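Enquirer: Fold the following for me, if possible:
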Amino acid sequence: MADEQPKIIIDEDWKAQVLREKEQAQVKQPEEPTEAAEDSEAGDDEAPSTFGALIQSLAAQCAFALGLIAPPDTKQVMVNLEEARYCVDTLVMLREKTKGNLTPQEQGILTQTLAELQQVYAVRAQQIQEAQLRQAGIDLKNPPKA
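Expert: Predicted structure coming up:
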């Protein structure tokens with residue numbers, strides 16, 4: 001009975017099958033990771049860094065400076081034309097520096113956002129100028145004759 005030790009059977013076929021499956025998976029995947037894969041590896045909590053996200057961030061800062069967005073803790077809107085002009089100028093600079101390097105969609109987002117912010121900036125600047133003239137006692141309907 002000493003000769004009757006339990007026989008251990010090692011199935012080597014599964015190892016070969018796993019190796020084949022790994023090789024097939026590598027063939028199906030691209031050699032270089034895509035941007036989306038890199039972004040997901042960077043962290044799920046972070047928003048993807050895209051040109052559109054940059055434009056949205058600058059537009060939000062500009063909208064806040066123009067008084068389109070009020071701070072959550074106040075009911076009063078503050079307008080800061082200098083900051084708004086800086087944001088608009090930054091977007092203009094981005095348009096010039098990226099000319100010819102953007103996708104049509106990115107170019108469209110930048111152009112539309114910039115046009116809208118420039119229009120609101122012009123209206124706000126005019127409103128502030130009119131308010132300053134009223135405070136100075138100048139009647140806008142009947143301006144003083146020179």
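Enquirer: Phi and psi next, for residue 78.
Expert: With angles defined as degrees, to the nearest 10, residue 78 shows backbone torsions of phi -110, psi 140.
Enquirer: nope, residue 69 is what I meant
Expert: Per-residue torsions, residue 69: phi -120, psi 120 (degrees, to the nearest 10).
Enquirer: so what pLDDT did the residue lying closest to it once chain neighbours are set aside get?
Expert: For residue 69, the nearest residue in space outside its immediate sequence neighbours is residue 63; the separation is 4.9 Å by Cβ to Cβ, 6 or more residues apart in numbering. For every residue, glycine as well, the C-beta is placed using N, CA and C. In the predicted model, residue 63 carries a pLDDT score of 93.
Enquirer: Quick check: which helices or strands does the helix or strand containing residue 122 pack against?
Expert: Element membership for residue 122, per DSSP states H and E: helix 104-135. Contact partners of helix 104-135 among helices and strands, from 3 or more Cβ pairs under 8 Å, 6 or more residues apart in numbering; DSSP states H and E: helix 51-65, helix 81-97.
Enquirer: Flag every buried residue along that helix.
Expert: Within helix 104-135, the residues that qualify as buried are 106, 107, 109, 110, 113, 114, 117, 120, 121, 124, counting by 16 or more other Cβ atoms under 10 Å.
Enquirer: for stretch 75-93, same thing?
Expert: If you call a residue buried by 16+ other Cβ under 10 Å, then stretch 75-93 has these buried ones: 84, 87, 88, 91.
Enquirer: can you list contacts of that stretch?
Expert: The set of residues that contact stretch 75-93 without belonging to it, under Cβ atoms under 8 Å, 6 or more residues apart in numbering, is 55, 58-59, 61-62, 65-67, 70-71, 110, 113-114, 117-118, 121, 124-125, 128.
Enquirer: Which helix or strand in this protein has the lowest average pLDDT?
Expert: Least confident element among the helices and strands of the chain, by mean pLDDT, DSSP states H and E: helix 35-42 (a mean of 49).
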